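Q: build me a model from this:
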Amino acid sequence: MHRYLRSTALFALALAMTGCASKAYQPQYLNGKVTLATPANLPLATTLVRVRLLDERQQADAPARLLAEQTLEKPRSFPVSYSLCYDKQAIQTNGSYSVQAQVYVDGELRLQNTSHINAFGTEAALIPVELIK
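A: Here you go, the predicted model:
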């Protein structure tokens with residue numbers, strides 16, 4: 001009986017691993033630039049830019065699911081180039097995906113995009129961030 005349980009468990013494990021192999025991670029990249037909507041004199045030595053790819057198919061009261069994130073410290077200048085690596089299989093054809101950009105100065109959120117940016121539309125190539133009032 002012990003031998004039967006062991007062989008059944010090994011078969012189940014092998015079957016599960018086969019299923020995982022068919023859904024292997026497939027890296028895909030989303031590239032663009034974060035730009036300042038209006039000129040601003042930021043202290044670049046203490047500036048941090050965070051760009052996120054979000055899956056917005058969640059319930060209305062739930063936060064969007066994070067698919068990719070890049071943090072760029074001390075940018076040399078604006079616009080700042082980003083490259084988000086995400087799993088291609090996580091993207092559904094009927095999904096809703098957005099890109100969010102935030103700029104922190106001395107650890108304080110100062111600028112962010114104020115409109116919805118479709119991650120796979122042409123607007124994701126250049127994300128304008130605006131001063132938070």
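Q: where's residue 86 relative to residue 100, distance?
A: Per CB to CB, to the nearest Å, residue 86 is found 14 Å from residue 100. The way it works is simple: take the backbone N, C-alpha and C, and place the C-beta from them, glycine included.
Q: so where's the protein uncertain?
A: Where the chain drops to pLDDT under 70, the residues are 1-22, 58-59, 133.
Q: what do you get if the cut-off is 90, keeping everything else the same?
A: For the chain, the stretches with pLDDT under 90 are 1-25, 38-40, 56-64, 92-96, 114-118, 120-133.
Q: do a quick rundown of the helices in it.
A: With DSSP state H as the criterion, the chain has helices at 2-21.
Q: could you pull out the strands for it?
A: 27-36, 47-55, 65-73, 80-87, 97-105, 108-112, 126-131 (DSSP state E).
Q: what's the angle between the first one and strand 80-87?
A: Using axes from the mean of the first three to the mean of the last three CA atoms, to 10 degrees, one finds that strand 27-36 and strand 80-87 are set 150 degrees apart in direction.
Q: got it, and the fifth one?
A: For strand 97-105 and strand 80-87, the angle between their directions (the same axes, to 10 degrees) works out to 140 degrees.
Q: CA atoms only: put strand 97-105 into CSV for me.
A: Extracted C-alpha coordinates of strand 97-105, given in CSV (Å, rounded to 0.1, in the frame of the first residue of the first chain):
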residue,chain,number,x,y,z
TYR,A,97,-4.1,47.7,-18.7
SER,A,98,-2.6,51.1,-17.7
VAL,A,99,0.8,52.6,-17.1
GLN,A,100,1.3,54.8,-14.0
ALA,A,101,4.2,57.1,-13.5
GLN,A,102,5.1,58.9,-10.3
VAL,A,103,8.0,61.2,-9.4
TYR,A,104,9.2,61.5,-5.8
VAL,A,105,11.6,64.2,-4.5
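Q: which parts of that strand are buried?
A: Buried residues in strand 97-105, counting neighbours by 16 or more other CB atoms under 10 Å, are found at 97, 98, 99, 100, 101, 102, 103, 104, 105.
Q: and that strand with strand 65-73, angle?
A: On the basis of the same axes, to 10 degrees, strand 97-105 is oriented at 30 degrees to strand 65-73.
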